[in-house]
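K.L.:
Show me the folded form of this:
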Amino acid sequence: MTVFEQAFALRDEIIAMRRDFHQNPELAFDEVRTAKIVAEELGKLGMEVITGVAKTGVIGLLRGSADTPVLGLRFDMDALPINEETGAPYASLIPGKMHACGHDCHTAVGLSVAKVLAGRKDELQGTVKFIFQPAEEMAGGAAQMIAEGALKNPKLDYVMGHHVWNELPLGEYGLIPGPLMAGSAVFTIKITGKGGHGAIPHDTKDPILASAHIITALQSIISRNINPLDSAVVSVCQIEAGSANNIIPQEAILTGTLRAFKPEVMELVSKRFTTIIKDIAGAMGCVAEIELVKMTEPVINNPVLSPLMAEVVLEIDPNAKINTEFQTIVSEDFSLMMQDVPGCFMMVGSANPERGLDYGHHHPKFDVDEACLPYAVAILAQSAIRVLEQKPKIN
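P.N.:
Just a heads-up that it's a prediction; the model follows:
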């Protein structure tokens, strides 16, 4: 039986697992039920299992006919604080929590890849390290797992991952050699002025007015400081100020996000961001305090591993469309695992407009066409076999 045939023989099981995880979503670092199931299933397959990594993370080691090289396969497990509105028979049973991004799919795919490869243990010319990660949505899970040694003992030589993706239709795969997803930072800005009566504005230093000028000026970073051939985003997503319609407040709070595909572009955006805020606040008689926290690096696919995975995609699904130009400004903390380990991340098209399965990620009606799941299993399993067999040299 081929890897493709094995994966499709598991189709009903994959979907059942996905729906069980979907009905029982757990938020960041609270994936207790999910982690318990993952650990039990990996244990049944005879793997060495480590639990409690980054609180609820699970690692499974599958040793083949050789100890090295070591390939890491990462799957995230957490849900989002969203009330589900899909109306699906497998909709979330927990109010205020929903798998609105596809991590339920990833966990089911990961356990299924584990089952396929465990049955082919003697074919593996190395070790596969299954990394089931908590808290991707908070962009804190990967960093904590790395800090607790997830990429060591044994040390990874390669790392791979995937994401079901509703920006792409079923049968299409986003697999670009180079930058695939953006790096991200989040910010909080506190503008402090001098409050007073709304009818006597000349006696105040209005933080709302300063904030308005700052918000407008920040958009000039993209239009006037960034090369038009590069991409970046500056988004102010929240502003909180004031307590009444006749009081100019003492302070205003702004929060939002920065995104860029290249580290050097993110550095430029960050510098201009800080300069603009402080200078405009000062010009308006206010003081600005800025907290800017880097969350993720860009996801940059290794130029050797990406074509290798693309070859596997076409072997598994000859009718597949591989989109080598697809990029998204969305971020992923899988990027942190790729900083010291050559990696590849694949976007698996999961949208089906004819069935109404094309709502965007983080939407209350988000759902995927589950027909993509066996393909994801087969591609990841075959890619693992191929990487350990070929042991590609990375420059």
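K.L.:
could you pull out the helices for the stretch 51-200 of the chain?
P.N.:
103-118, 141-147 (DSSP state H, counting those that start in this stretch).
K.L.:
Including mean neighbour count, distance to V348 and mean pLDDT, could the ones you listed go into a markdown table?
P.N.:
Every C-beta, even on glycine, is put in place using the N, C-alpha and C of the backbone. Converted to a markdown table, these look like this (neighbours: other Cβ atoms under 10 Å; distance: least, Cβ to Cβ, whole Å; pLDDT from 0 to 100):
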| stretch | mean neighbour count | distance to V348 | mean pLDDT |
| --- | --- | --- | --- |
| helix 103-118 | 26 | 9 | 98 |
| helix 141-147 | 21 | 20 | 97 |
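K.L.:
now the ones you listed as CSV including distance to I131?
P.N.:
Formatted as CSV, these follow (distance: least, Cβ to Cβ, whole Å):
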stretch, distance to I131
helix 103-118, 9
helix 141-147, 7
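K.L.:
Assign a three-state SS to H361, would you?
P.N.:
Classification of H361 using DSSP: H, G, I helix; E, B strand; the rest coil returns coil.
K.L.:
Start the count at 395 instead of 1 going forward.
P.N.:
Noted, 395 is the first residue going forward, which turns the last one into H755.
K.L.:
Might you report the residue contacts of it?
P.N.:
A494, C495, G496, W559, N560, V724 (Cβ atoms under 8 Å, 6 or more residues apart in numbering).
K.L.:
What score does it have for pLDDT?
P.N.:
With respect to pLDDT, H755 scores 98.
K.L.:
how near is it to C499?
P.N.:
In this view, H755 and C499 are 12 Å apart by Cβ to Cβ, to the nearest Å.
K.L.:
Kindly report the same for L550.
P.N.:
23 Å.
K.L.:
do F728 as well
P.N.:
Counting by Cβ to Cβ, the gap from F728 to C499 is 15 Å.
K.L.:
middle-most residue in the chain, spatially?
P.N.:
With distances taken as Cα atoms, centre = their mean, E726 lies nearest the centre of the chain, 2.9 Å away.
K.L.:
So that one sits against G737, correct?
P.N.:
No - counting by Cβ atoms under 8 Å, G737 is not a contact partner of E726; they are 11.0 Å apart.
K.L.:
who touches both of these two?
P.N.:
By Cβ under 8 Å, 6+ apart, no residue touches both E726 and G737.
K.L.:
How about I525: what's its closest non-neighbour residue?
P.N.:
Excluding the flanking residues, the one nearest I525 by Cβ to Cβ, 6 or more residues apart in numbering is R468, at 4.4 Å.
K.L.:
Next, work out how far apart the one you found and S729 are.
P.N.:
11 Å.
K.L.:
same deal with I773?
P.N.:
Here I773 is placed at a distance of 20 Å from S729 (Cβ to Cβ).
K.L.:
Compare those two (neighbour count), which wins?
P.N.:
Using other Cβ atoms under 10 Å as the criterion, I773 and S729 rank with I773 on top: 30 against 25.
K.L.:
For that one, list the residues it contacts.
P.N.:
H556, M703, V706, V707, I710, D711, M740, V742.
K.L.:
what's the farthest-apart pair in those residues?
P.N.:
Using Cβ to Cβ, the contacts of I773 span at most 13.6 Å, a distance reached by H556 and D711.
K.L.:
Looking at those two, which is more packed in?
P.N.:
More crowded of H556 and D711, by other Cβ under 10 Å: H556, with 29 against 17.
K.L.:
Need the three-state assignment for the closest residue in space to the more buried one that isn't next to it in sequence.
P.N.:
Using Cβ to Cβ, 6+ apart and skipping residues adjacent in sequence, the residue nearest H556 is M740, 4.6 Å away. Under three-state DSSP, the three-state class of M740 is strand.
K.L.:
Please apply the same query to the one 4 residues further on.
P.N.:
Under three-state DSSP, S744 falls in the strand class.
K.L.:
Quick check: it touching C766?
P.N.:
Yes - S744 is within contact range of C766, at 4.7 Å (criterion: Cβ under 8 Å).
K.L.:
So for these two, which sits in the more crowded spot?
P.N.:
Neighbour totals were compared for S744 and C766, and S744 leads with 29 against 26 (other Cβ under 10 Å).
K.L.:
which neighbours do S744 and C766 share?
P.N.:
By Cβ under 8 Å, 6+ apart, the residues touching both S744 and C766 are V558, L564.
K.L.:
tell me what the lengthiest strand in the chain is packed against?
P.N.:
Criterion DSSP state E: the longest strand present in the chain is strand 552-563. With contacts taken as 3 or more Cβ pairs under 8 Å, 6 or more residues apart in numbering; DSSP states H and E, strand 552-563 sits against strand 464-470, helix 497-512, helix 699-710, strand 737-745, helix 766-784.
K.L.:
at 6 Å what do you get?
P.N.:
Strand 552-563 sits against strand 464-470, strand 737-745, with contacts defined as 3 or more Cβ pairs under 6 Å, 6 or more residues apart in numbering; DSSP states H and E.
K.L.:
What mean pLDDT does it get?
P.N.:
According to the model, strand 552-563 has a mean pLDDT of 98.
K.L.:
Sheet-wise, list the partners of it with their directions.
P.N.:
Using DSSP bridges, strand 552-563 pairs in its sheet with strand 464-470 (parallel), strand 737-745 (parallel).
K.L.:
would a markdown table of those with mean pLDDT and distance to P573 be doable?
P.N.:
Shown next, in a markdown table, are the strands paired with strand 552-563 (pLDDT from 0 to 100; distance: least, Cβ to Cβ, whole Å):
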| stretch | mean pLDDT | distance to P573 |
| --- | --- | --- |
| strand 464-470 | 98 | 19 |
| strand 737-745 | 98 | 11 |
